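Trainee: Build me a model:
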Amino acid sequence: MELVQIDWIVRDGDRALPMELFVRLLQEGRKRELERVSLSGTGDLSEYRDTVAASGVSLVDPPPCAERLSGANPDRACSHYRTSCAISADGDVFPCLGLPIPLGNTRETSLAEILEESELRNELLHIADWVKKPCASCENHASCTGCRGTAYRQTGDFFGADPGCPLLAGRDIPKLPTDARNFLPHKGRAVYLQRICSLFEKGGTAAFTVPANCDLLRDGRHLDESALVELMAQACGALHGFQHERWESVSSGGVVGVNQFHCSRLIRVGEEVVFHVHKKFVFDTFTVVDLDAVVGNETVASASIKLFEGAI
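Mentor: A predicted model of the protein is given here:
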């Protein structure tokens with residue numbers, strides 16, 4: 001069984017709504033030879049079923065969100081991540097068919113343990129508390145929180161508003177990457193981190209391009225390696241502020257300790273360093289995270305940092 005993305009236009013009377021849905025392909029006949037099916041156009045679901053069937057592909061009925069987004073049944077919110085999950089052929093576990101964020105791998109950990117310990121899945125089970133505006137301020141918020149898959153694929157934020165909702169047509173919906181300064185407690189020249197880039201299970205990425213006038217330079221050409229710890233801490237703080245934007249003011253947590261810091265080379269002016277942040281574990285108000293500083297495809301520094309409160 002494989003996941004195949006199909007671009008659908010769901011028609012409700014004179015209204016056509018673009019959608020992206022993941023459907024399951026049953027592995028039989030010519031379908032074994034198909035890696036991807038991509039359709040676009042305007043029509044109703046039955047026309048697309050006929051078109052796909054002509055290619056030798058069978059597909060399951062569209063998920064509940066198809067009815068909600070098309071207007072056929074606006075109260076029928078998607079509940080896939082509440083009642084099921086998706087597992088790829090190589091064992092990767094995903095919250096649902098439409099949310100391509102690996103939670104773990106069944107070849108390394110049991111499915112029960114993956115689902116129980118997944119931070120993202122537990123947050124999705126209480127998504128009404130996490131989803132952001134304008135979805136959070138919608139009158140249908142109690143019964144509908146939009147499609148998390150569509151929100152993630154189009155905004156990079158699995159807690160973001162659903163751009164596929166017809167009620168949000170024409171609205172400005174925040175997307176990643178975004179300015180990190182809006183989510184840090186630091187002010188003025190103390191802010192160095194520039195961008196929040198992406199989110200994933202128990203972590204995310206943030207970036208900093210070294211400017212020529214940066215006061216963190218050691219010789220006018222290279223970033224001082226001690227500055228990497230501050231940038232790593234700011235990456236954790238910015239990701240925390242972004243993910244908790246809905247219900248928490250910007251936190252002022254801090255670094256308690258740094259372990260296993262290693263820097264293989266200095267970062268030059270003009271280079272972009274991307275910080276990959278992975279939450280390791282949480283104890284009371286303390287969080288331990290592993291970080292990698294990556295330039296291009298090269299990991300130039302890494303560390304394990306213990307923080308209190310304002311961590312991801």
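
Trainee: use CA for all of it now, contacts and neighbours both
Mentor: Will do.

Trainee: Now the terminal residues of stretch 109-122, how far apart.
Mentor: One end of stretch 109-122 sits 17 Å from the other (C-alpha to C-alpha, to the nearest Å).

Trainee: If we go by neighbour counts, what in that stretch is buried?
Mentor: 111, 114-115, 118, 120-121 (16 or more other C-alpha atoms under 10 Å).

Trainee: Likewise for stretch 224-234?
Mentor: Neighbour count says stretch 224-234 has 224-225, 228-234 buried, by 16+ other C-alpha under 10 Å.

Trainee: so which pair among the buried residues of stretch 109-122 is furthest apart in space?
Mentor: Farthest pair in the buried residues of stretch 109-122 (C-alpha to C-alpha) is L111 and L120. Separation: 14.8 Å.

Trainee: just for the stretch 101-250 of the chain, where's the confidence low?
Mentor: Residue ranges of the stretch 101-250 of the chain with pLDDT under 70: 246-250.

Trainee: Do a quick rundown of the helices in the chain.
Mentor: For the chain, the helices defined by DSSP state H cover 45-54, 64-70, 80-83, 111-117, 119-124, 148-155, 227-243.

Trainee: how about these, which one is nearest V256?
Mentor: Closest among these, using C-alpha to C-alpha: helix 227-243, at 10.3 Å.

Trainee: Which secondary structure elements does the closest one sit against?
Mentor: strand 195-200, strand 203-209, strand 254-263, strand 272-283 (3 or more C-alpha pairs under 8 Å, 6 or more residues apart in numbering; DSSP states H and E).

Trainee: Kindly recompute the last result at 7 Å.
Mentor: Helix 227-243 sits against strand 272-283, with contacts defined as 3 or more C-alpha pairs under 7 Å, 6 or more residues apart in numbering; DSSP states H and E.

Trainee: picking that back up, as a markdown table, the helices of the chain with distance to H276 would be great.
Mentor: Formatted as a markdown table, the helices of the chain follow (distance: least, C-alpha to C-alpha, whole Å):
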| stretch | distance to H276 |
| --- | --- |
| helix 45-54 | 40 |
| helix 64-70 | 33 |
| helix 80-83 | 26 |
| helix 111-117 | 21 |
| helix 119-124 | 17 |
| helix 148-155 | 18 |
| helix 227-243 | 9 |
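
Trainee: Relative to L291, which of those helices is closest?
Mentor: Of these, nearest to L291 by C-alpha to C-alpha is helix 227-243, at 7.1 Å.

Trainee: what about that closest one, distance to the chain center?
Mentor: 17 Å (C-alpha atoms, centre = their mean, to the nearest Å).

Trainee: Next, the angle from it to strand 272-283.
Mentor: Interaxial angle of helix 227-243 relative to strand 272-283 (axes from the mean of the first three to the mean of the last three C-alpha atoms, to 10 degrees): 70 degrees.

Trainee: closest to L176 among the buried residues of stretch 224-234?
Mentor: Taking the buried residues of stretch 224-234 together and measuring to L176 by C-alpha to C-alpha, the closest member is Q234, at 17.1 Å.

Trainee: The closest one and F275, how far apart?
Mentor: Distance from Q234 to F275, by C-alpha to C-alpha: 10 Å.

Trainee: Who are the contact partners of the spatially most central residue of the chain?
Mentor: For the chain, the residue nearest the mean C-alpha position is L199 (4.0 Å; C-alpha atoms, centre = their mean). Neighbouring residues of L199 by C-alpha atoms under 7 Å, 6 or more residues apart in numbering: 156-157, 205.

Trainee: for D157, same thing?
Mentor: Counting by C-alpha under 7 Å, 6+ apart, D157 has contacts 151, 176, 199.

Trainee: so what's the residue lying closest to F261 once chain neighbours are set aside up against?
Mentor: Excluding the flanking residues, the one nearest F261 by C-alpha to C-alpha, 6 or more residues apart in numbering is A303, at 4.2 Å. The contact partners of A303, by C-alpha under 7 Å, 6+ apart, come to 258-262, 290-292.
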